[in-house]
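Novice: Okay, structure incoming, though there's no sequence with it:
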């Protein structure tokens, strides 16, 4: 009888235990089902970073100086000393012209000078010894004729110096237009005269950039730039705006800006097209979020902030996912680039959790399972 009673108690205990186990299993199953029905999102923390805004404009490389040299006197080419591609220094002789007429004029002027000098010296000597024999007026006239002859000879000698063509600055001969024996016309007197040489100074390259009117107010002297050339791949030059015109071209509505680049090794050639990136705004401590976090509605920008349901967020396992309530936070954007956006005038903090993936499943007040991605 006692044994039968014990078996009855054991059976009741097993039934109760089984029922309890079944209830617990059903609760776990319901919780898992509930979790599976909650959308998952990826979050990250805002990052304090240096941000720089920019815009890009096409430009063109130009020489620092360039000139076509013309003869300053008529003549024919006796010799030329430099050809295309030659480096020349300032005042270096490039060519020598001959003009027989000028040489004859020099001989005549030299003879006249010698005669007028002799007359003046004789009159002056006699006047000093016996003033009564030579009037002072004759001495002054002879002196004036001598001075005039001297000036005439100096002028001819200046013309002769112009027959020697010299480089006006350090540079490279980019064109030679003359040959030995060619007849050359004075470039100062004839509009149809031909140049002798073309010289360019490319030790410094001026990159000319037409700034669109919409960007003109943000570019100033000293604005930093990054410059790349199509013909020089994988090479980026840095510099600052050297000068701006401060005026808009009425036809193109652009403002000219120039950037000087050191080109001692001559890798940049005049005429190359450049892409010039103007770094117009910089901040060293911007609160930033990835661009994927930014949403927009009716011209208002916002981000979704994930707030853990469990307030003890310090001990939560974000790698496995944490149940959060989503809050929409309106933000004002500052500097943006291809990756990040600066957040201005917002309640957002660097410790907040911002949704960067799964935004479409979020709404203000909705529940999500959030996993975190740490900012690098």
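Specialist: The structure has been received and is ready for your questions. Computed from a predicted model, the values in this text were never measured in an experiment.

Novice: ranges for the helices of the stretch 51-200 of the chain?
Specialist: All helices of the stretch 51-200 of the chain, identified by DSSP state H, counting those that start in this stretch, fall at 100-129, 136-161.

Novice: how about the longest one: buried residues?
Specialist: Judged by neighbour count (16 or more other CB atoms under 10 Å), helix 100-129 contains these buried residues: 102, 105-106, 109, 112-113, 116-117, 119-120, 123, 127. For every residue, glycine as well, the C-beta is placed using N, CA and C.

Novice: Quick one: list the elements packing against it.
Specialist: helix 136-161 (3 or more CB pairs under 8 Å, 6 or more residues apart in numbering; DSSP states H and E).

Novice: by how many degrees do the helix it packs on and helix 100-129 diverge?
Specialist: When axes from the mean of the first three to the mean of the last three CA atoms, to 10 degrees is applied, the directions of helix 136-161 and helix 100-129 differ by 150 degrees.

Novice: Tell me the buried residues in helix 136-161?
Specialist: 139, 142-143, 145-146, 149, 152-153, 156, 159-160.

Novice: Pull the contacting residues for residue 287.
Specialist: With contacts defined as CB atoms under 8 Å, 6 or more residues apart in numbering, residue 287 is in contact with 46-48, 342-343, 346, 348, 350.

Novice: Could you pick out the buried ones from those?
Specialist: Counted by 16+ other CB under 10 Å, the contacts of residue 287 give 46, 342-343, 346, 348 as buried.

Novice: average pLDDT across stretch 45-65?
Specialist: The average pLDDT within stretch 45-65 is 92.

Novice: What is the burial count for residue 283?
Specialist: The number of residues packed near residue 283 is 16, by other CB atoms under 10 Å.

Novice: tell me which element it falls in.
Specialist: strand 273-290 (DSSP states H and E).

Novice: what do you get for residue 238?
Specialist: strand 232-240.

Novice: How far does that strand sit from its chain's centre?
Specialist: Taking CA atoms, centre = their mean, to the nearest Å, one finds strand 232-240 lying 8 Å from the centre of the chain it belongs to.

Novice: Pull up the pairing partners for it, direction included.
Specialist: Using DSSP bridges, strand 232-240 pairs in its sheet with strand 224-229 (antiparallel).

Novice: Contacts made by the partner strand with the rest, please.
Specialist: 54, 59, 61, 207, 235-241, 259, 261, 268, 272-279.

Novice: Give me the distance between the most centrally placed residue in the chain and residue 212.
Specialist: In the chain, the centroid-proximal residue (CA atoms, centre = their mean) is residue 225; its distance is 3.4 Å. Look at residue 225 and residue 212: by CB to CB, to the nearest Å, they are 15 Å apart.

Novice: what lines up beside the host helix or strand of residue 334 in the sheet?
Specialist: Residue 334 belongs to strand 322-336 when assigned by DSSP H and E. Sheet pairing for strand 322-336, assigned by DSSP bridges, gives strand 300-308 (antiparallel), strand 340-344 (antiparallel), strand 367-372 (antiparallel).

Novice: quick one: the strand holding residue 283 to strand 322-336, angle?
Specialist: Using the same axes, to 10 degrees: strand 273-290 against strand 322-336 is 150 degrees.

Novice: and strand 273-290, how far from the chain's centre?
Specialist: 13 Å.

Novice: So which bits of that strand are buried?
Specialist: For strand 273-290, by 16+ other CB under 10 Å, it's 274, 276-278, 280, 283, 286-290.

Novice: rewinding a little: output the strands paired with strand 322-336 as CSV; include the columns mean pLDDT and distance to residue 184.
Specialist: What follows is these, written out as CSV (pLDDT from 0 to 100; distance: least, CB to CB, whole Å):
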stretch, mean pLDDT, distance to residue 184
strand 300-308, 95, 70
strand 340-344, 89, 64
strand 367-372, 94, 80
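
Novice: and residue 133, which of these is closest to it?
Specialist: Nearest to residue 133, of all these, is strand 340-344, at 100.5 Å by CB to CB.
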